[in-house]
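# Okay, sequence plus prediction incoming.
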Amino acid sequence: MARPAEPADPAVLGALLARHGWRRRGSAAGHYGRWTPPEGSGTSVLVPDSRAFPDSADLIAEALTALERSPAPSARQVLIALRVPSDELRWYRDIPEPAAPAALWSAQERLRGGARAMLLAGALAAGRRARFHGARGRRQAEAILDGALVGPVRSGRELAVFLPVGTEPDGRPVVAALLRALYAARDATDYQRATGRAEAFEAAVEAGVCQELTEAVVALAGGSAGVRIRAEWAPAAGPPAGFAARPEPVEFSPGDLPVLREAGARYVRQEPSPPVRITGTVVRMWRDAPSGPGVVRLRVLDGAEVAEVRVELDEDDYRTAGQAHLVGLPVVVGGRLESRGGFRRLTGGGVVPAAVDEAERDRLLKSLQVSLDALGEKGGED
């Protein structure tokens, strides 16, 4: 693994070693510390407490070399966080040690999938507040998560993810939004379980709680004795405004699941269908007969934060969409983006060819191609 471009800050290295369970031995604070790995075996490292000592640079270099050669799993995680200053998120899923290889694989996949879904909910919440996001903003949220570094899954029970700070894309808004939403979901769940009333979940939407988050918590806590999520800020960056230096972990138990499922279903029912005016290109058309109404799928260029929409059209509008497709023109469709189906269906609108000149048409189509090249084709619902 590559070392940092500049000599590591001894204070940052010491903080990361302590975070990952290494134990400090030896001299009094303010001088040097010998750190031993939590696994109980492997080479210890000698780290100065500051750069004030003449041999501090040599000691840091020797410590990094020792970490690179260490068989301890925690050594690699320290190097990852040191090389790319990152906020860390850790998931602990309380399940028995899987005995069979198939059970271990299933537990690992469930943990990875649930953690990914929770990170996506945090990325969505960082972009906007909604009870149910569906397909809206998903491409942008997934692009932010492309920079995340995922650690190994230990026995299907523990997973660490590192989100770089101060880079492009910056993972810190995702961690902050997710942590804020998890606290709000925990409080709302406690309130409903104690009172039987659900209004706390409505207020929690402003803190980032959404159907996607409740679904991710249910996926992780289900089939276990509980799940715990803990965040750690990058030592080099410090905590963001409004958060403690060492945030309290958040825990959910199987007893919370009925409340969370109910809240998620209610969020889907209550999320309004917004009016939109979409510019898009026709990518598919089909109908049951040679004439009459039909269905068109549009690749969205502008007007909505979704990749594709499906529109049911009468015969005249269907013909207009077909003619625009044949001559390479985008179309403009107005209507309501229905929450049913994840905001992938548009209802109540007519179709007109987009009024663009040749240069603008080329620009729109090039913009579409750039998006496809960057993000990859993603099939929409039929």
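Great, that's in hand.

# show me where the stretch 201-350 of the chain has strands.
Counting by DSSP state E, counting those that start in this stretch, the stretch 201-350 of the chain has strands at residues 227-232, 250-252, 275-286, 294-302, 308-313, 331-338, 345-347.

# and those strands as CSV, adding distance to residue 217?
Just so you know, the C-beta spots here come from the backbone N, C-alpha and C atoms, and that holds for glycine as well. Shown next, in CSV, are these (distance: least, C-beta to C-beta, whole Å):
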stretch, distance to residue 217
strand 227-232, 7
strand 250-252, 5
strand 275-286, 30
strand 294-302, 30
strand 308-313, 28
strand 331-338, 26
strand 345-347, 27
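
# In this structure residue 287 contacts residue 295, no?
Yes: counting by C-beta atoms under 8 Å, residue 287 does reach residue 295; the two are 6.7 Å apart.

# Now do the helices in the stretch 151-300 of the chain.
Listed in chain order, the helices of the stretch 151-300 of the chain (DSSP state H, counting those that start in this stretch) span 172-195, 199-204, 211-221, 257-270.

# Any chance of JSON lines for the ones you listed, columns mean pLDDT and mean neighbour count?
Rendered in JSON lines, the data for the helices of the stretch 151-300 of the chain read as follows (pLDDT from 0 to 100; neighbours: other C-beta atoms under 10 Å):
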{"stretch": "helix 172-195", "mean pLDDT": "97", "mean neighbour count": "20"}
{"stretch": "helix 199-204", "mean pLDDT": "96", "mean neighbour count": "18"}
{"stretch": "helix 211-221", "mean pLDDT": "97", "mean neighbour count": "24"}
{"stretch": "helix 257-270", "mean pLDDT": "96", "mean neighbour count": "18"}
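
# Arrange these in CSV, one row each, with distance to residue 72 as further columns.
Converted to CSV, the helices of the stretch 151-300 of the chain look like this (distance: least, C-beta to C-beta, whole Å):
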stretch, distance to residue 72
helix 172-195, 25
helix 199-204, 40
helix 211-221, 27
helix 257-270, 36
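
# so which of the ones you listed gets nearest residue 307?
Closest of those to residue 307 is helix 211-221, at 16.6 Å (criterion: C-beta to C-beta).

# Show me what that closest one packs onto, helices and strands only.
Packing partners of helix 211-221 (3 or more C-beta pairs under 8 Å, 6 or more residues apart in numbering; DSSP states H and E): helix 101-127, helix 172-195, strand 227-232, strand 250-252, helix 257-270.

# Buried residues, stretch 324-339. List them.
Of the residues in stretch 324-339, 324, 325, 329, 330, 331, 332, 333, 335, 336, 337, 338, 339 count as buried by neighbour count, 16 or more other C-beta atoms under 10 Å.

# how far away is the fifth one from residue 319?
Taking C-beta to C-beta, to the nearest Å as the measure, residue 331 and residue 319 are separated by 12 Å.

# neighbours around residue 61, how many?
Residue 61 has 13 neighbours, counted by other C-beta atoms under 10 Å.

# Also residue 205?
Close neighbours of residue 205, defined as other C-beta under 10 Å, add up to 20.

# where does the closest residue to it other than its chain neighbours sit relative to residue 355, distance-wise?
Nearest non-adjacent residue to residue 205, counting by C-beta to C-beta, 6 or more residues apart in numbering: residue 131, 5.5 Å away. Using C-beta to C-beta, residue 131 is found at 35 Å from residue 355.

# which one of these two has more residues nearby?
residue 131 (22 against 9).

# Can you pull the phi/psi pair for the more buried one?
Main-chain torsions, residue 131, degrees, to the nearest 10: phi -70, psi -40.

# ditto for residue 90
According to degrees, to the nearest 10, residue 90 has phi -130, psi 140.

# how much space between it and residue 157?
The spacing between residue 90 and residue 157, counted by C-beta to C-beta, is 11 Å.

# Ok, residue 252 next?
Computed as C-beta to C-beta, the residue 252 to residue 157 distance reads 15 Å.

# Could you do residue 337 as well?
According to C-beta to C-beta, residue 337 and residue 157 sit 40 Å apart.

# Residue 83 - how many residues pack around it?
Number of residues near residue 83 (other C-beta under 10 Å) recorded here: 18.

# out of residue 252 and residue 157, which sits in the more crowded spot?
The neighbour count for residue 252 versus residue 157, taken as other C-beta under 10 Å, is higher for residue 252 (22 against 19).

# Can you tell me the closest non-neighbouring residue to that one?
residue 221 (4.7 Å).

# same question, residue 317
residue 351 is the one closest to residue 317 (C-beta to C-beta, 6+ apart), at 4.2 Å.

# thought that neighbour was touching residue 331?
Yes: the pair residue 351 / residue 331 is scored as a contact, 5.2 Å apart, by C-beta under 8 Å.

# Could you tell me which residues touch both of the two?
Common neighbours of residue 351 and residue 331 (criterion: C-beta atoms under 8 Å, 6 or more residues apart in numbering): 320, 321, 324.

# Now the first one. Nearest residue, chain neighbours left out?
The one in question is residue 320. Residue nearest to residue 320 in three dimensions, not counting chain neighbours: residue 351, with 4.9 Å by C-beta to C-beta, 6+ apart.

# Dihedrals phi and psi, that neighbour?
Torsion angles, degrees, to the nearest 10, at residue 351: phi -120, psi 140.

# Kindly state the beta-bridge partners for it.
With DSSP bridges as the criterion, residue 351 is bridged to residue 333.

# Report pLDDT for it.
pLDDT recorded at residue 351 is 85.

# got a list of what it touches?
Residues near residue 351 by C-beta under 8 Å, 6+ apart: 296, 311, 313, 317, 318, 320, 321, 324, 331, 332, 333.

# what about the fifth one, distance to residue 351?
As judged by C-beta to C-beta, residue 318 and residue 351 stand 8 Å apart.

# Identify the contacts common to these two.
By C-beta under 8 Å, 6+ apart, the residues touching both residue 318 and residue 351 are residue 296.
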